[in-house]
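Q: The amino acid sequence is not available; the structure is as follows:
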């Protein structure tokens, strides 16, 4: 008797969540947030000072996430 293998298809969201859960997640999170903040700066929703503060805070949070995972 042959056993049946269950093939599970992953949605794009599942693949993104899986990618974020690996060891390099803080880098991915920082890059995504940096891109979003850059767009907000470009359209004028953020001042340059706010952008600088948010990027620094994002970097600190990403570093903490990396340390916690280790």
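A: Structure's in. What do you need? What you see is a predicted model; the values in this text were computed from it and never measured. Numbering: from 1, shown residues only.
Q: Can you tell me the number of residues neighbouring the spatially closest residue to residue 48 that is not a sequence neighbour?
A: In space, and not counting its chain neighbours, residue 48 is closest to residue 41: 7.0 Å by C-beta to C-beta, 6 or more residues apart in numbering. Where you see a C-beta, it was placed from the backbone N, CA and C, and this is true even at glycine. As a burial measure, residue 41 scores 17 neighbours (other C-beta atoms under 10 Å).
Q: For residue 41, pull up the helix or strand it's in.
A: helix 25-42 (DSSP states H and E).
Q: before we move on, back to that, does the residue nearest to residue 48 really touch residue 53, like I thought?
A: No - the pair residue 41 and residue 53 does not pass the contact test of C-beta atoms under 8 Å, sitting 11.8 Å apart.
Q: list the buried ones in stretch 45-65?
A: 46, 51, 54-55, 58, 62 (16 or more other C-beta atoms under 10 Å).
Q: other SSEs contacting the helix holding residue 41?
A: Contact analysis of helix 25-42 by 3 or more C-beta pairs under 8 Å, 6 or more residues apart in numbering; DSSP states H and E lists helix 12-20, helix 48-69 as its packing neighbours.
Q: Which positions within that helix qualify as buried?
A: Those would be 26, 29-30, 33-34, 37, 41, for helix 25-42 by 16+ other C-beta under 10 Å.
Q: Out of those, which comes closest to residue 10?
A: Of all these, the one with the least separation from residue 10 (C-beta to C-beta) is residue 29, at 20.2 Å.
Q: the inter-axis angle of the helix holding residue 41 versus helix 48-69?
A: Between the axes of helix 25-42 and helix 48-69, defined by axes from the mean of the first three to the mean of the last three C-alpha atoms, to 10 degrees, the angle is 170 degrees.
Q: so where's the protein shaky on pLDDT?
A: 1-8, 12-25, 64-70 (pLDDT under 70).
Q: hmm, 90 instead?
A: 1-34, 36-37, 45-47, 49-70 (pLDDT under 90).
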